[in-house]
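> Okay, structure incoming, though there's no sequence with it:
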């Protein structure tokens, strides 16, 4: 079952004490950076050391911005450049999407979008080092795939899923700006697989269009943003 969750801390992660904070906890707190507490959340959050690649900031920043999500997806697919002849068009998006798995793990995904061809995209923002990136990305893709693969649909018409991780520390990217993870056969030929994974390196100082955005995502000084 897929639901869009509003119960996850709205723009607030662990505080300096390590205790998670919710909107209800912080409504009376001076300087709160949650999206419900006024228009100054961006400046105050960045002053606290948070950046756009962290969940507390990325969530309100991308809220109601399907065109911005579309722009990012196309940049990643084109390895940092735009426009391209096969750019996708996002027709809908949701945030903090909970996929329930009654018999096992469930997941809450940062952004889930769908293009005009019904391909599904999951975007995740990762500011902490991930030690099980391959397993996590495969799990997220598998959940979305199974949820979308409806009874009676032929295998040749199965859903296509793309998972994109924006990684502040660039793990798994092999020094590249964008690493595409896709199966190949023993001859090195790419297999037409319904699931693809992109790992986006936030640790590089790349001067491409995507690279500049990634640099902005980890800045703590609003006046230093280059792609605004």
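Received the coordinates, thanks. Everything numeric here is computed off the predicted structure, so don't read it as measured data.
> State which helix of the chain is the longest.
Here the longest helix in the chain is taken by residue count, with DSSP state H as the criterion, and it is helix 133-148.
> So in that sheet, which strands flank the very next helix or strand once past it, and in what orientation?
Using DSSP states H and E, the next helix or strand after helix 133-148 towards the C-terminus is strand 161-167. Based on DSSP bridges, the pairing partners of strand 161-167 within the sheet are strand 120-126 (parallel), strand 195-201 (parallel).
> Now do strand 161-167 against helix 133-148: the angle between them, please.
150 degrees (axes from the mean of the first three to the mean of the last three C-alpha atoms, to 10 degrees).
> Which residues outside strand 161-167 are in contact with it?
Defining contact as C-beta atoms under 8 Å, 6 or more residues apart in numbering, one finds that strand 161-167 is touched by 53, 72-73, 76, 119-126, 130, 133, 137, 140-141, 144-145, 148, 172-173, 194-203, 214, 217. (Each C-beta comes from the backbone N, C-alpha and C, glycine too.)
> what's the answer for stretch 176-187, then?
So stretch 176-187 is contacted by 76, 79-80, 134, 137, 172-173, 190-191, 193, 196-201, 204, 206, 208, 210-211, 214 (C-beta under 8 Å, 6+ apart).
> Please, where are all the strands along the protein?
Secondary structure of the chain by DSSP state E: the strands cover 2-4, 90-99, 107-115, 120-126, 161-167, 178-181, 195-201.
> Flag the shaky bits of this structure, pLDDT-wise.
In the prediction, the chain carries residues with pLDDT under 70 at positions 1-49, 82-83, 85, 220-228.
> Drop anything exposed from the contacts of stretch 176-187.
76, 79-80, 137, 172-173, 196-201, 204, 206, 208, 210-211, 214 (16 or more other C-beta atoms under 10 Å).
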